[in-house]
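*Asks:* Kindly generate the corresponding structure for this input.
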Amino acid sequence: MRIVFMGTPDFAVPSLKRLIADGHQVVAVYTQPDKPKNRGMKLTPPSVKVVAMEHDIPVLQPVKVREPQVLEQLAAFQPELIVVVAYGKILPREIFELPPMGCINVHSSLLPKYRGAAPINWAVINGDEETGVTIMDIAEALDAGDMIAKASTKIDPDESVETLHDRLAEMGAQLLSETVDAIANGSARRTPQNESEATYAPMLSRELSPIDWNKTARQIHDLVRGLTPWPATTMEVAGTSFKVFAVEETGADTEKAPGMLVGTDKKGILMACGDGKVLRVVEVQAPGKKRMKAADYLRGHPIQ
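*Replies:* Residues are numbered from 1 along each chain as shown. You can find the predicted model right below:
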């Protein structure tokens with residue numbers, strides 16, 4: 001099948017690779033413009049662009065997709081199907097109605113739950129026990145198109161977004177492969193979403209980072225693993241501000257007020273939570289330092 005692929009970050013890479021491996025003719029890849037990164041602010045290509053170039057697939061990086069020339073150029077590729085995976089741009093009707101076989105999206109949640117930009121993060125932050133991927137038709141409303149296929153996975157209570165992200169990316173690629181075959185042979189079936197069950201997963205920001213120690217140990221634990229690696233949670237202890245990348249529930253009780261330092265041990269920094277429980281901070285980043293185990297930081301910077 002002649003396919004135009006639209007995607008940008010690491011999450012989209014397995015899906016693009018799978019389409020290529022399945023023998024589809026990926027005639028073009030649309031992705032976000034290169035962006036400056038790291039201290040040198042060197043322009044860095046999106047992950048999807050790197051893969052496309054390795055396979056000699058034309059890459060287009062329009063700043064705006066609503067310009068008339070974008071539609072004209074896209075039409076010239078004569079795609080039978082458009083596949084969208086974490087592209088990061090809202091497509092106008094003229095684009096998603098262009099291909100005769102449709103325009104489908106791989107979304108990292110079990111729709112209609114967690115429509116929006118950060119579904120994996122919010123599933124973890126909210127302490128969900130299950131999530132998954134959904135393949136749906138693109139519609140004008142955000143992530144509201146008819147569903148074609150779903151696959152689910154359990155969320156380990158201690159895993160972070162990093163590992164869950166990678167698992168969902170691979171699941172999405174497998175489900176996409178099956179769905180494209182179903183569309184090609186005419187066996188794909190659509191199911192409308194139940195609007196009354198829709199929830200949203202807004203973009204992340206650093207405003208979420210400061211830890212509210214009045215919350216329970218479990219709520220804080222979920223927030224930390226849901227915001228790792230970015231924007232990461234933050235805390236202040238003994239006058240030093242830390243980014244926090246991992247914590248552990250100890251099960252121990254304390255009478256200290258929420259946010260107070262309970263002490264330190266061989267594994268990390270012990271903090272009081274709103275439910276009277278002690279949470280151990282086990283991975284941090286101090287100003288000017290690298291991300292490291294809290295125990296390693298404490299060896300050189302003991303906290304009284």
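*Asks:* Could you verify my assumption that residue 221 touches residue 251?
*Replies:* No: if you go by C-beta atoms under 8 Å, residue 221 and residue 251 don't touch, sitting 11.8 Å apart. C-beta here means a position set from N, CA and C on the backbone, and glycine is covered the same way.
*Asks:* So between the two, which is more surrounded?
*Replies:* residue 221 (22 against 8; other C-beta atoms under 10 Å).
*Asks:* can you give me the helices for the stretch 51-200 of the chain?
*Replies:* Using DSSP state H, counting those that start in this stretch, the helices of the stretch 51-200 of the chain run over 68-76, 93-96, 119-125, 161-185.
*Asks:* which strands and helices sit next to the third one?
*Replies:* The one in question is helix 119-125. strand 130-137, helix 161-185, strand 200-201, helix 217-226 (3 or more C-beta pairs under 8 Å, 6 or more residues apart in numbering; DSSP states H and E).
*Asks:* Looking at these, which is nearest to residue 146?
*Replies:* Residue 146 sits nearest to strand 130-137 of all these, at 4.9 Å, using C-beta to C-beta.
*Asks:* which regions of the stretch 151-300 of the chain lie under the pLDDT threshold?
*Replies:* Regions of the stretch 151-300 of the chain meeting the criterion pLDDT under 70 are absent.
*Asks:* quick one on the thing from earlier: packed most tightly, which of the helices of the stretch 51-200 of the chain would that be?
*Replies:* Neighbour counts (mean count of other C-beta atoms under 10 Å) averaged over each of the helices of the stretch 51-200 of the chain peak at helix 119-125, with a mean of 24.
*Asks:* Now that one: average pLDDT?
*Replies:* If you average the pLDDT over helix 119-125, you get 98.
*Asks:* Alpha carbons only: can I get it in PDB?
*Replies:* Output in PDB follows, covering the C-alpha atoms of helix 119-125 (Å, rounded to 0.1, in the frame of the first residue of the first chain):
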ATOM      1  CA  PRO A 119      -1.800   9.900  27.800                       C
ATOM      2  CA  ILE A 120       1.100   7.700  29.000                       C
ATOM      3  CA  ASN A 121       2.100  10.200  31.700                       C
ATOM      4  CA  TRP A 122      -1.400  10.800  33.000                       C
ATOM      5  CA  ALA A 123      -2.200   7.100  33.200                       C
ATOM      6  CA  VAL A 124       0.900   6.700  35.500                       C
ATOM      7  CA  ILE A 125       0.300   9.900  37.500                       C
END
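*Asks:* picking up where we left off before, identify whichever of the helices of the stretch 51-200 of the chain lies nearest to residue 31.
*Replies:* helix 68-76 (13.1 Å).
*Asks:* if we can go back for a sec, with residue 50 as the reference, name the closest of the helices of the stretch 51-200 of the chain.
*Replies:* Of all these, helix 161-185 comes closest under C-beta to C-beta, at 15.3 Å.
*Asks:* helices or strands up against the closest one?
*Replies:* helix 13-21, strand 81-85, strand 103-107, helix 119-125, strand 130-137, strand 147-154.
*Asks:* quick one, the fifth one and strand 147-154 angle?
*Replies:* Think strand 130-137. 170 degrees (axes from the mean of the first three to the mean of the last three C-alpha atoms, to 10 degrees).
*Asks:* same deal with the longest one?
*Replies:* Here helix 13-21 runs at 130 degrees with respect to strand 147-154, directions being taken by the same axes, to 10 degrees.
*Asks:* Quickly list the domain ranges of this protein.
*Replies:* Recorded structural domains for the chain (assignment: automatic domain parsing) are 2-201, 206-300.
*Asks:* which of the residues in stretch 285-300 are buried?
*Replies:* Buried positions in stretch 285-300, judged by neighbour count with 16 or more other C-beta atoms under 10 Å: 285, 286, 294, 295, 297, 298.
*Asks:* contacting residues for the third one?
*Replies:* With contact set as C-beta atoms under 8 Å, 6 or more residues apart in numbering, residue 294 has these partners: 267, 268, 269, 281, 282, 283, 284.
*Asks:* Turn the helices and strands packed on helix 119-125 into TSV, columns for distance to residue 40.
*Replies:* Formatted as TSV, the helices and strands packed on helix 119-125 follow (distance: least, C-beta to C-beta, whole Å):
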stretch	distance to residue 40
strand 130-137	35
helix 161-185	25
strand 200-201	32
helix 217-226	30
